[in-house]
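> Requesting a structural model of the entry that follows:
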Amino acid sequence: GMAAPAPGGGGWHHEDRAVLEGGWEEVWQLQSRQRVILTAALFKDPAAKAAALRWLGAVLAANGANADGGKQQSPQEAMRARQSCSSDGALLSAAAGLLQL
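Residues are numbered from 1 along each chain as shown. Sure, this is the predicted structure:
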């Protein structure tokens with residue numbers, strides 16, 4: 001499992017530790033399963049490699065609008081950009097999976 005951060009610096013109350021540790025464990029398990037699936041898709045199953053690479057490319061490409069954050073946009077353009085972007089969680093999960101390969 002994941003180690004809990006030290007009390008005091010984390011900004012959480014000591015009574016919340018049990019709930020937080022459960023959440024950390026679930027995130028760790030999700031990332032571990034994602035790493036296994038990604039590893040299998042990229043290295044063990046040649047038929048799935050192209051699909052996995054297309055998925056990774058789509059996740060990254062969908063965030064091009066985030067890269068243009070300094071560009072002036074109308075409210076409608078900004079809303080469309082946010083709707084077409086992967087969530088921060090999806091990017092973090094993909095990055096964690098890639099870093100664990």
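> Might you list the low-confidence residue ranges for the protein?
Where the chain drops to pLDDT under 70, the residues are 1-12, 64-73, 81-87.
> what's the longest helix in it?
What stands out as the longest helix in the chain, according to DSSP state H, is helix 17-39.
> And that helix, what's buried?
For helix 17-39, the neighbour count (16 or more other CB atoms under 10 Å) marks Q31, Q34, R35, L38 as buried. Quick note: C-beta positions are derived from backbone N, CA and C, even for glycine.
> helix or strand right after that helix?
Downstream of helix 17-39, the next assigned helix or strand under DSSP states H and E is helix 46-61.
> which secondary structure elements does that next one contact?
With contacts taken as 3 or more CB pairs under 8 Å, 6 or more residues apart in numbering; DSSP states H and E, helix 46-61 sits against helix 88-99.
> Pull the distance from the helix it packs on to the chain's centre.
Chain-centre distance of helix 88-99: 3 Å, with CA atoms, centre = their mean, to the nearest Å.
> got a list of contacts for that helix?
Here helix 88-99 makes contact (CB atoms under 8 Å, 6 or more residues apart in numbering) with L30, Q31, Q34, R35, L38, L56, V59, N63, S86.
> go with 6 Å
Helix 88-99 is contacted from outside by Q31, Q34, R35, L38, V59, using CB atoms under 6 Å, 6 or more residues apart in numbering.
> Throw these into a markdown table and include distance to V19, thanks.
As requested, the contacts of helix 88-99 are exported to a markdown table (distance: CB to CB, whole Å):
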| residue | distance to V19 |
| --- | --- |
| Q31 | 19 |
| Q34 | 23 |
| R35 | 25 |
| L38 | 29 |
| V59 | 30 |
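> Okay then, goodbye and thanks.
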